[in-house]
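A.B. asks: pasting the sequence and the predicted coordinates here, then a few questions.
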2 protein chains.
Amino acid sequence: MSVLREKILNVASDLFQTRGINSTGVDTIVAVAGTTKMTLYKHFQTKENLILEVLKRHNQEFRDWLAEKLGESSRTPDKRLQALFDYIEEWMAAPEFRGMPFLKASAEFPNEENPVHRLSTEQARQFRQYLASLAQEAGASDAETLALQLSMLIEGAMLAEQMRRGSGAAKHAKKAARVLIEAALKR
Amino acid sequence: MSVLREKILNVASDLFQTRGINSTGVDTIVAVAGTTKMTLYKHFQTKENLILEVLKRHNQEFRDWLAEKLGESSRTPDKRLQALFDYIEEWMAAPEFRGMPFLKASAEFPNEENPVHRLSTEQARQFRQYLASLAQEAGASDAETLALQLSMLIEGAMLAEQMRRGSGAAKHAKKAARVLIEAALKR
DNA sequence: GACTTAATATACAGATCTGTAAATAAACGG
DNA sequence: CCGTTTATTTACAGATCTGTATATTAAGTC
């Protein structure tokens, strides 16, 4: 892996978050990264490909971070499901948090046949599936439904926080999640 | 009000939803609307201003539609809060639904000082305030908290539906809302 | 030291973007 | 019927966009 490739990914990820994807030109990216367009296009071929790589990398980081956090906590399955909301809150509290990339990308590329939109949708599906597996382990009667409901809470909280920093959305999402989880397990 | 002004607003609203705001040029808008750039700029001065007007109009339509729906139902306050989710589901079931404009706009214009971002944030705040007034009438112990939680559910559902049509997110959001509302009233 | 790969600077092609100039044509109110 | 508003056509300015051509310069590697 080239160090310049990493630098470009980092800079692009940052600029996409703070200025928007379509509002960020490749000229800006290479200028901030301290390289040239030729190098960028050698590594990523097209801007669309760069966007896809940025999304993939962020998603992988998020999944790894979450898995590690949940792995080191040796709780009971239902406690782990609630602990997840502590980690989501921690993730959103990071000063560089500017919203969930795949949520914002799907808004900028609404066309369902667009590769960026498709990847965003796929990442959202993967996240729901992960929630469903946690709900399953916790013994929820309808794990799929609970997972969808919790994902709506989480993504809604991320939206609220992206629109206004310090909204406290994560805290209230956590409380709501506790109620929903209890209701889904008590039968 | 000019008929061309209305036409431009309709076409712009439609194109912004289906292609994204930044990906839609004014040339495309006037071509579809069957007019010229001169006319567009006479009515709206700048593209940013057109975006703001489109957002304002959609928001007004949504508020009016919801108020009428809730007005004609002479229910008890707590039933009205739940009935709201029936109407949200109905709104999202419309074939032309492509997501909530102010949510998508805030993703395309992440800069907090941007007028489009500011208007989006303001519209999200107004919606939460409306929910809070309904929660208050229903006798919720903490109306603000319940309103924020319900708004996260609704916006999360809209995101899910915008990413994949026919996700059934509205139905599950309604069930989750029932649980949250009951919990918030039972004390 | 010869050879291959990676990165550089510079320049440009071609498209598209927002916004405007200027002159003309139609609509309409008095 | 005259004057004013409104809309239209055509053309363009100036910026910015993605992507490439070309030629040069390191940087490793055998």
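C.D. replies: Cool, the structure landed. Numbers count the residues shown, from 1 in each chain, chains lettered A, B, ... in the order given.
A.B. asks: give me the distance between the residue nearest the centre of chain A and residue A:75.
C.D. replies: The residue lying closest to the centre of chain A (CA atoms, centre = their mean) is residue A:100, at 4.4 Å. The spacing between residue A:100 and residue A:75, counted by CB to CB, to the nearest Å, is 25 Å. Where you see a C-beta, it was placed from the backbone N, CA and C, and this is true even at glycine.
A.B. asks: and if you look at residue A:141?
C.D. replies: With CB to CB as the criterion, residue A:141 and residue A:75 are 21 Å apart.
A.B. asks: likewise residue A:107?
C.D. replies: Using CB to CB, one gets 35 Å for the distance from residue A:107 to residue A:75.
A.B. asks: more neighbours: which of these two?
C.D. replies: Using other CB atoms under 10 Å in any protein chain shown, the more surrounded residue of residue A:107 and residue A:75 is residue A:107, with 27 against 11.
A.B. asks: before we move on, what SS does the more buried one have?
C.D. replies: helix (DSSP: H, G, I helix; E, B strand; the rest coil).
A.B. asks: show me the contacts for it.
C.D. replies: B:20, B:99, B:103, B:104, B:107, B:108, B:162 (CB atoms under 8 Å, 6 or more residues apart in numbering or on different chains).
A.B. asks: inside helices: which ones of those?
C.D. replies: B:103, B:104, B:107, B:108, B:162 (DSSP state H).
A.B. asks: in a markdown table: those residues, plus distance to residue A:154 and pLDDT.
C.D. replies: Putting these into a markdown table (distance: CB to CB, whole Å; pLDDT from 0 to 100) gives the following:
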| residue | distance to residue A:154 | pLDDT |
| --- | --- | --- |
| B:103 | 15 | 97 |
| B:104 | 19 | 97 |
| B:107 | 16 | 96 |
| B:108 | 22 | 97 |
| B:162 | 16 | 93 |
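A.B. asks: wait, which of those residues is closest to residue A:132?
C.D. replies: Minimum distance to residue A:132 across the ones in helices among the contacts of residue A:107 is 20.8 Å, recorded for residue B:162 (CB to CB).
A.B. asks: the residue lying closest to that closest one once chain neighbours are set aside and residue B:19: what is the separation?
C.D. replies: What sits nearest to residue B:162 in space, not counting adjacent residues and going by CB to CB, 6 or more residues apart in numbering or on different chains, is residue B:99, at 3.2 Å. Distance of residue B:99 to residue B:19, computed by CB to CB: 13 Å.
A.B. asks: kindly report the same for residue A:112.
C.D. replies: In terms of CB to CB, residue A:112 sits 12 Å off from residue B:19.
A.B. asks: now do the longest helix along chain A: distance to the chain's middle.
C.D. replies: Longest helix of chain A, by residue count under DSSP H: helix A:47-72. Chain-centre distance of helix A:47-72: 7 Å, with CA atoms, centre = their mean, to the nearest Å.
A.B. asks: repeat that for stretch A:103-121.
C.D. replies: 14 Å.
A.B. asks: cool, and stretch A:160-169?
C.D. replies: With CA atoms, centre = their mean, you get 15 Å for stretch A:160-169.
A.B. asks: that one: end-to-end distance?
C.D. replies: 6 Å (CA to CA, to the nearest Å).
A.B. asks: would you turn the contacts of residue A:107 into a markdown table with distance to residue A:118?
C.D. replies: Output for the contacts of residue A:107, formatted as a markdown table (distance: CB to CB, whole Å):
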| residue | distance to residue A:118 |
| --- | --- |
| B:20 | 15 |
| B:99 | 16 |
| B:103 | 20 |
| B:104 | 17 |
| B:107 | 17 |
| B:108 | 19 |
| B:162 | 14 |
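A.B. asks: which of those are close to DNA strand C?
C.D. replies: When CB under 7 Å from any atom of the strand is applied, no member of the contacts of residue A:107 is adjacent to DNA strand C.
A.B. asks: whichever of these end up buried, select them in ChimeraX.
C.D. replies: Here is the ChimeraX command that picks out the buried ones among these, judged by 16 or more other CB atoms under 10 Å in any protein chain shown:
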select /B:20,99,103,104,107,108,162
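A.B. asks: before we move on, the earlier item: if I look at residue B:99 and residue B:19, which residues touch both of them?
C.D. replies: residue A:110.
A.B. asks: report whether stretch A:91-105 contacts DNA strand D.
C.D. replies: No: contact between stretch A:91-105 and DNA strand D, assessed by CB under 7 Å from any atom of the strand, is absent, since the two come no nearer than 14.4 Å.
A.B. asks: and that stretch, how far out from the chain middle?
C.D. replies: Chain-centre distance of stretch A:91-105: 7 Å, with CA atoms, centre = their mean.
A.B. asks: restrict it to CA atoms and write it as PDB.
C.D. replies: Presented in PDB, the C-alpha positions along stretch A:91-105 are these (Å, rounded to 0.1, in the frame of the first residue of the first chain):
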ATOM      1  CA  TRP A  91     -18.800   7.000  18.400                       C
ATOM      2  CA  MET A  92     -21.100  10.000  17.800                       C
ATOM      3  CA  ALA A  93     -19.400  12.000  20.600                       C
ATOM      4  CA  ALA A  94     -16.100  12.000  18.700                       C
ATOM      5  CA  PRO A  95     -15.300  15.600  17.700                       C
ATOM      6  CA  GLU A  96     -14.800  14.600  14.100                       C
ATOM      7  CA  PHE A  97     -18.200  13.000  13.800                       C
ATOM      8  CA  ARG A  98     -20.100  14.700  11.000                       C
ATOM      9  CA  GLY A  99     -22.800  12.100  10.300                       C
ATOM     10  CA  MET A 100     -22.800   8.600   8.900                       C
ATOM     11  CA  PRO A 101     -21.100   8.500   5.500                       C
ATOM     12  CA  PHE A 102     -23.400   6.000   3.900                       C
ATOM     13  CA  LEU A 103     -26.500   7.900   5.000                       C
ATOM     14  CA  LYS A 104     -25.200  11.100   3.500                       C
ATOM     15  CA  ALA A 105     -23.900   9.400   0.300                       C
END
